[in-house]
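Asks: Predicted model and sequence below, questions to follow.
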Amino acid sequence: MGGKVGGLSHKCYRETSGIKVSGGQQVKSGSVLTREGDRWKAGLNVVGQMKLTARCAGEIYFTRKRNKCRKVVTFVNVRAAVPAVKE
């Protein structure tokens, strides 16, 4: 018994964590953007803390700002896709 947690060994678990998308990439609503990372914070149209997910469909972009401790933090944002207007 034991040895694995959640179907992954501790050796390969590190490979599944990190950022899953790049800037300019199109994502759907509910897509996972990051896993197990404290380097990235939720920005516009993004929810979560340790696992960031997209709140709506659109294009990914990143912004960098300084927090209260003057440390640079990267925010993951989603620019919402505008639906086509039917005439």
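Replies: The structure has been received and is ready for your questions. Numbers count the residues shown, from 1 in each chain.

Asks: where in the protein is pLDDT low?
Replies: 1-15, 84-87 (pLDDT under 70).

Asks: those strands in it, which residues are they?
Replies: Taking DSSP state E as the criterion, the chain carries its strands at 18-19, 26-27, 34-35, 40-42, 46-47, 53-54, 58-66, 72-80.

Asks: The one residue sitting closest to the centre of the chain and residue 41: what is the separation?
Replies: By C-alpha atoms, centre = their mean, the mean C-alpha position of the chain lies nearest to residue 33, the distance being 2.7 Å. As judged by C-beta to C-beta, to the nearest Å, residue 33 and residue 41 stand 11 Å apart. C-beta here means a position set from N, CA and C on the backbone, and glycine is covered the same way.

Asks: Report the separation between residue 58 and residue 39.
Replies: 22 Å.

Asks: Of those two, give the one with the bigger neighbour count.
Replies: residue 58 (19 against 10; other C-beta atoms under 10 Å).

Asks: shouldn't that one be in contact with residue 27?
Replies: Yes. If you go by C-beta atoms under 8 Å, residue 58 and residue 27 touch, sitting 6.8 Å apart.

Asks: Can you check which residues contact both of those two?
Replies: Jointly contacting residue 58 and residue 27 under the rule C-beta atoms under 8 Å, 6 or more residues apart in numbering are residue 78.

Asks: deepest of the strands of the chain, which one?
Replies: strand 53-54 (a mean of 20; mean count of other C-beta atoms under 10 Å).

Asks: I would like the residues contacting it, please.
Replies: Against strand 53-54 from outside (C-beta under 8 Å, 6+ apart): 27, 28, 29, 30, 31, 32, 33, 45, 46, 47, 78.
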